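Undergrad: Sharing a model prediction with you, sequence too.
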Amino acid sequence: MLYYLDSQDKENLQMLKRTNLKSVGWREEDLEELLVKNLDRVLDEENLMPIFTERNFQPEPDILALDETGKLYIFELKRWKSKDDNLLQVLKYGQKYGQKSYKDLENMYFKFNPDAASLIQDHREYFKLDSESEIKEEHFNQHQQFLIVTDGTDFKTRRAINYWKKTGLDIEAIVYRVYTTDANEHLIEFNTYSPFQDVIEHEPSNFILNTNHKRNPASHQDMLTKEKAAAYYHPWKNKIQRIQKGDKVFLYQSGKGIVAMGIGTGIVNKEEYHGKANEEYNMNLEDFTILKKPMAAKKMKEITDSNFMFNQTLFSVDKEKSDLIWKHIKENHM
């Protein structure tokens, strides 16, 4: 639930009014478009590449996406309260699309992205995979993950999901709720599914940005010179909008480590890139520091006791780990 914080009345909780997408003029297709462009935020721990969205009047999944290993994610979206037969629908899609070959997926991808050269090439570029980590055609769609996105869950749906999970099926529900304020503003909240309770995930507020030096050394240098964090082209450029005022941002160079760091201003600038308008999103960083010696990935893992997915354009780091990295840099790399 979401509540107002009233600076005058600090003793009582005033709940925001619940509503639904239909009441605020949103269609199921609008929710689908929102998710396709923001999968990295709704599934913060997963970096997914959308490869297909439902076409009108076709019995197809709402969204198909891949992770870096080639695992296929099958989404079923509902604008209304979920029912247990939603599970039967998504499992039916799983039976059909789980048998698709790489060529089948590529043909679907071409419908979603007509200008694409090949699915495997775009997959390699999307996840920034090198020759050692890139996957082959036969690795695609070896496993599937089912996701139901719905406005609330009822008891039958919870029971059905728990049943299928116990059998070993990779199935989850993502619950969203829509609210309206007294000023007629509309809010949406996404929660990941828990078999015991709905859990509100706290948005991490510190980030590591891969500058993509290997493929674009000029843009890497531009970030250091202009003291900014930047990303280019859809969907990667949109990740810059996740950085808010006061967030710690570490610039990471592949093969080297963290080479610079600063504090987000919260202001996203949209600029021309290679002759195309608004294809660079960037944010100036305050307290910008270029390290005298890069902080290697091995050292980052050592002091935080964590692994990091450096192949992503931008990924979040919780406050405890980012503070450890920041402190180590201040003490050893300046």
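TA: Happy to help now that I have it.

Undergrad: For the rest of this, base every contact and every neighbour count on C-alpha atoms.
TA: Will do.

Undergrad: how about the strands of the stretch 201-334 of the chain, start to end?
TA: Assigned by DSSP state E, counting those that start in this stretch, the strands in the stretch 201-334 of the chain fall at 206-210, 228-232, 248-253, 257-264, 269-273, 276-295, 314-316.

Undergrad: for these, which one sits closest to residue 40?
TA: For the strands of the stretch 201-334 of the chain, the distance to residue 40 is smallest for strand 314-316, at 9.0 Å, taking CA to CA.

Undergrad: Give me the helices and strands touching the closest one, please.
TA: Identification of packing neighbours for strand 314-316 by 3 or more CA pairs under 8 Å, 6 or more residues apart in numbering; DSSP states H and E yields strand 206-210.

Undergrad: hmm, try it at 10 Å
TA: On a contact count with 3 or more CA pairs under 10 Å, 6 or more residues apart in numbering; DSSP states H and E, strand 314-316 meets strand 206-210, strand 228-232, strand 248-253.

Undergrad: Can you add mean pLDDT, mean neighbour count and distance to residue 129 and give these back as TSV?
TA: TSV is the format used below for those (pLDDT from 0 to 100; neighbours: other CA atoms under 10 Å; distance: least, CA to CA, whole Å):
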stretch	mean pLDDT	mean neighbour count	distance to residue 129
strand 206-210	93	24	13
strand 228-232	96	26	17
strand 248-253	96	25	14
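
Undergrad: Dump those into CSV; add distance to residue 166 as well.
TA: Listed next are those as CSV, based on distance: least, CA to CA, whole Å:
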stretch, distance to residue 166
strand 206-210, 35
strand 228-232, 41
strand 248-253, 40
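
Undergrad: between these, which gets nearest to residue 105?
TA: In terms of CA to CA, the element of the helices and strands packed on strand 314-316 nearest to residue 105 is strand 228-232, at 25.9 Å.

Undergrad: quick one: what helix or strand has the residue nearest the centre of the chain in it?
TA: The residue lying closest to the centre of the chain (CA atoms, centre = their mean) is residue 40, at 0.6 Å. Element membership of residue 40, judged by DSSP states H and E, is helix 39-42.

Undergrad: And that helix, how far out from the chain middle?
TA: 3 Å (CA atoms, centre = their mean, to the nearest Å).
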